[in-house]
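[1] Just the structure for this:
(one chain, ligands or ions: 1)
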Amino acid sequence: MLTAYDFTFARLLDEAEIDMLLVGDSLSNVIQGNDTTLPVTLDEMIYHTKAVVKGTKEYSMVVCDLPFMSYQTSDKDGFRNAGRVMKETGAGAVKLEGGERVCATVKLMTDNGIPVCGHLGLTPQSINQFGTYRTRGTTPEEANKIKQDALALQDAGVFAIVLEKIPAALAAEVTKMLKVATIGIGAGNGCDGQVLVLHDMLGLNEEFHPRFVRKYLKLAEEVREAFKMYGDDVRSGNFPNKDESY
Ligand code: KIV
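    Have a look, this model is predicted:
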């Protein structure tokens, strides 16, 4: 799984046979420039998910994050909003954060034909409650709560659970415990799958260097260089040349 927010990248990801494209609420950070994932709205998630779905003709399944306050207000609100995502975007599933607290909402969705992916460990929508993006599940109490939440989500019918920023040994233990898939981010290689934010793994986000991000490209450098070359060419009259003109 990788995140995607637009048609062009979705098409490339689909061609590269990435199994799942997550339209993450991280779009609040990497696309909208906000400090947290809280400001992005359901309408904005739907707008981007529609574009991503259009890019996935052959291979990838699209999962849309339910943003902050689209499911926390009541089970029915969550169900209705997940229904909007499925009806209006063509996504294959929704994702939401939390454990036992959200299980009634999850069950309402999964009982009515909406596939749901859970999300445990570091849950960025609760950043104001935690105050930091530190690793979760490092104390026995936190680790036990994650295990209990994972089992509760499985019982509520999720098809997978994202495990974010928890110790590798705990993630491996949770993975062994569950029948449904786990998808890790900063959770070691004992999970069934992995997810990264697209802009991080492409090296587009130069300020963000957590140890769990492997940068497969240094795209920011290349893109900046291309922009500089274009600016120089236009200023010097080198672009467009005869072959590039009618
Ligand atoms: O919003 C997002 O991109 C996510 C991933 C980090 C799992 O939830």
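[2] Quick one, grab the pLDDT at Glu58.
    Per-residue confidence (pLDDT) for Glu58: 89.
[3] And for it, nearest residue in space, chain neighbours not counted?
    Nearest-residue entry for Glu58: Asp14, 5.7 Å, with adjacent residues in sequence omitted and distances by CB to CB, 6 or more residues apart in numbering. From N, CA and C alone the C-beta is placed, and that goes for glycine too.
[4] chain center to the helix or strand encompassing the one you found, what's the gap?
    Assigned by DSSP states H and E, Asp14 belongs to helix 7-15. Distance of helix 7-15 from its chain centroid, counting by CA atoms, centre = their mean, to the nearest Å, is 15 Å.
[5] So which bits of it are buried?
    Going by neighbour count (16 or more other CB atoms under 10 Å), the buried part of helix 7-15 is 7, 9-11, 13-14.
[6] Near the ligand, which residues of this protein are found?
    3, 22, 24-26, 65, 162, 164, 185, 195, 197 (CB under 6 Å from any ligand atom).
[7] just those now: which is nearest Glu141?
    Glu164 (18.3 Å; CB to CB).
[8] Could you report the neighbour count for the residue in the chain that the ligand sits nearest to?
    Closest contact between the chain and the ligand, by CB to the nearest ligand atom, is at Gly24 (2.3 Å). Residues near Gly24, counting by other CB atoms under 10 Å, number 31.
[9] Mind listing residues that contact the helix or strand of the chain with the lowest mean pLDDT?
    Taking mean pLDDT, DSSP states H and E as the measure, the chain has helix 127-130 as its least confident helix or strand, at a mean of 94. Under the contact criterion CB atoms under 8 Å, 6 or more residues apart in numbering, helix 127-130 has outside partners 36-38, 133.
[10] can you give me how far it is from the chain middle?
    Distance, centroid of helix 127-130 to centroid of chain: 19 Å (CA atoms, centre = their mean).
[11] Likewise for stretch 218-225?
    The answer for stretch 218-225 is 23 Å, by CA atoms, centre = their mean.
[12] Among the residues of the chain next to the ligand, which ones are in strands?
    3, 22, 65, 162, 164, 185 (DSSP state E).
[13] Hmm, the third one is touching Leu42, no?
    No: here Asp65 lies out of contact with Leu42, judged by CB atoms under 8 Å, at a distance of 10.0 Å.
[14] How about stretch 199-213, which residues are buried there?
    199-205, 213.
[15] now those as TSV including distance to Gln125?
    Putting those into TSV (distance: CB to CB, whole Å) gives the following:
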residue	distance to Gln125
His199	19
Asp200	19
Met201	22
Leu202	24
Gly203	26
Leu204	23
Asn205	20
Val213	20
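[16] got CSV for those residues, with secondary structure and pLDDT too?
    As requested, the buried residues of stretch 199-213 are arranged in CSV below (DSSP: H, G, I helix; E, B strand; the rest coil; pLDDT from 0 to 100):
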residue, secondary structure, pLDDT
His199, helix, 97
Asp200, helix, 97
Met201, helix, 98
Leu202, coil, 98
Gly203, coil, 97
Leu204, coil, 96
Asn205, coil, 91
Val213, coil, 97
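[17] Between all of those, which two are separated the most?
    Leu204 and Val213 (11.4 Å).
[18] Now do the shared contacts for these two.
    Between them, Leu204 and Val213 share no contacting residue under CB under 8 Å, 6+ apart.
[19] Against which helices or strands is the next helix or strand after the least confident helix or strand of the chain packed?
    Per DSSP H and E, the first helix or strand lying C-terminal to helix 127-130 is helix 140-156. Applying 3 or more CB pairs under 8 Å, 6 or more residues apart in numbering; DSSP states H and E, we find helix 140-156 packed against helix 103-110, strand 116-121, strand 160-164, helix 168-177.
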